[in-house]
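Visitor: please work out how this folds:
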Amino acid sequence: MSLLQWEDRFSVGMDRFDRQHHVLVDLINELHESMREGKGQQELGSILEKLIQYTRVHFASEEEWMVQYQYPGYARHQASHESLTRQVLEFQRQYQDGTIGLSVQMIHFLKEWLVNHILGEDKAYAGFFQAGRSK
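Guide: Numbers count the residues shown, from 1 in each chain. Below is the predicted model of the structure:
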């Protein structure tokens, strides 16, 4: 059973970003499932690295559009991206140092952050871009 199921309410109405959000959901689920199955540190570390790298790609993609179309909430949105990136990189550093293991709390943090970010900040930019396309 997946930790996070894609729901229609997560759609921002932009295929490019919805596909990227799907990948992020899948990676969080992969990390969760591997942890539940007791996979080794190396495999968990590899999945965490994939999640970090893809998150960077996704954030850059969103931010590129925001700059290009002069999204007024860009600075706040970018700050949210930077905050999560710092937090996850710190998780990764501690995991690699052996000071923490991947935990249910960490996985749930990632899940909750993604859901809340999509339903809050990403839905806000979706409205902005959709309104611009209808003019």
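Visitor: next, the buried residues of stretch 86-96.
Guide: Neighbour-count burial for stretch 86-96 flags Val88, Phe91, Gln92, Tyr95 (criterion: 16 or more other CB atoms under 10 Å). In this view, the C-beta of every residue, glycine as well, is placed from N, C-alpha and C.
Visitor: give me the nearest residue to the second one, chain neighbours excluded.
Guide: Setting aside the residues directly before and after it, Phe91 is nearest to Met106 in space (CB to CB, 6 or more residues apart in numbering), at 5.9 Å.
Visitor: what does the third one give?
Guide: Among residues not flanking Gln92 along the chain, Leu48 sits closest, at 5.8 Å (CB to CB, 6+ apart).
Visitor: return the residues in contact with that neighbour.
Guide: If you count contacts by CB atoms under 8 Å, 6 or more residues apart in numbering, Leu48 has them with Leu31, Phe91, Gln92, Tyr95, Leu102.
Visitor: related to what we said a few turns ago, now, the most widely separated pair of the buried residues of stretch 86-96?
Guide: The span of those, defined through CB to CB, is set by Val88 and Tyr95 at 10.2 Å.
Visitor: could I get the pLDDT score of Met1?
Guide: The score at Met1 is 74. That number is its pLDDT.
Visitor: picking that back up, now the helix or strand containing the residue nearest to Phe91: mean pLDDT?
Guide: Using DSSP states H and E, Met106 sits in helix 104-117. For helix 104-117, mean pLDDT rounds to 89.
Visitor: I'd like the next helix or strand past the helix or strand that contains Ser61.
Guide: Ser61 is located in helix 41-68, with elements delineated by DSSP H and E. Once helix 41-68 ends, the next helix or strand along the chain (criterion: DSSP H and E) is helix 74-97.
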